[in-house]
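*Asks:* sequence and computational prediction follow.
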Amino acid sequence: MFKRTLLLVSAFFALAATSALADSSVKGPFAGTVHAVGTITYTDNSQQTWNWDRGKITALDAGSITLTRRDKAQVTFAITSSTLVRNDGGSYGLSDLKVGLAATVVSQNGNAVIIRNIRGDGAPSGADQSAIDGPAAKSVTGTIDALYVDGSTQSFEYDRGRITAVGNGSLTIMRPDSQSVTFTYDDSTLVREQQQLESVSDLKVGERAMFFSQNGALKLVRCLVQPQRTGPPAPTGAAAAA
């Protein structure tokens, strides 16, 4: 397995679009999500709230972007000079977007911070890989409240850290705030490394990842390979800057 570290990007809502993993019959806990709200605590003990929305771009100009989500809700976000466009690990310009493409908008206070995970005919491609700092940068813990296309909701606990013990249905991590957290896991726990589906038995002590759980039971472990940083940081504010 590849050596893993946490990729400091807006990774949470990307799970919704790729939670089918390598096996389309396997659905992750975020499959079918149309909107999510994350309340995240950072290493400096500050807290920020982020919104994720996914849908088809139905209106677009220099000042705003409108998505029509799968639950038929229309949501509009302001585009600012700091808005970033990201796809498949590369950075693009607003001119690479067009009506009809599917996209995820990561926002704060109605402003589009990152437009990413763009799919459809003519979606931007070919840019060099680059890393950015997003909502996960220097994150420690938090909650993710997800709204699904059928109107149902679920809440998940989020923790980031390094694995210190794993086996016999129990996994323990050490978070960046030096807090030790222990989870239970079973055959339903999903593990992702990039687009590959793995299992808890593949995880090793010392590896870092993001952990999504409910009431102490692990639902998803997301492990990513750290790319070389070549792109600019996302405008996430002092609390989330890496």
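*Replies:* Happy to help now that I have it.

*Asks:* what sits up against the helix or strand containing residue 91?
*Replies:* Secondary structure assignment for residue 91, by DSSP states H and E: strand 90-92. Residues external to strand 90-92 that are found in contact with it (C-beta atoms under 8 Å, 6 or more residues apart in numbering): 84-86, 124-130, 132, 231-232. (C-beta placed from N, C-alpha, C; glycine too.)

*Asks:* can you put those residues in JSON lines and add neighbour count?
*Replies:* Converted to JSON lines, the contacts of strand 90-92 look like this (neighbours: other C-beta atoms under 10 Å):
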{"residue": "84", "neighbour count": "22"}
{"residue": "85", "neighbour count": "21"}
{"residue": "86", "neighbour count": "26"}
{"residue": "124", "neighbour count": "19"}
{"residue": "125", "neighbour count": "11"}
{"residue": "126", "neighbour count": "8"}
{"residue": "127", "neighbour count": "17"}
{"residue": "128", "neighbour count": "9"}
{"residue": "129", "neighbour count": "12"}
{"residue": "130", "neighbour count": "16"}
{"residue": "132", "neighbour count": "24"}
{"residue": "231", "neighbour count": "19"}
{"residue": "232", "neighbour count": "12"}
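
*Asks:* let me see the ranges of the helices in the protein.
*Replies:* Assigned by DSSP state H, the helices in the chain fall at 14-18.

*Asks:* low-confidence ranges, it, go.
*Replies:* Within the chain, the segments meeting pLDDT under 70 span 1-26, 195, 224-242.

*Asks:* point me to the residue sitting farthest from the middle of it.
*Replies:* When distances are taken from the C-alpha mean of the chain, residue 168 lies farthest, 28.3 Å away, according to C-alpha atoms, centre = their mean.

*Asks:* could you measure from that residue over to residue 182?
*Replies:* Residue 168 sits at a distance of 12 Å from residue 182 (criterion: C-beta to C-beta, to the nearest Å).

*Asks:* equivalent analysis for residue 62, please.
*Replies:* For residue 62, the distance to residue 182 (C-beta to C-beta) stands at 49 Å.

*Asks:* repeat for residue 157
*Replies:* Taken as C-beta to C-beta, the spacing of residue 157 relative to residue 182 amounts to 13 Å.

*Asks:* ok, those two, which is more surrounded?
*Replies:* When neighbours are counted by other C-beta atoms under 10 Å, residue 157 comes out ahead of the other of residue 157 and residue 182, with 19 against 11.
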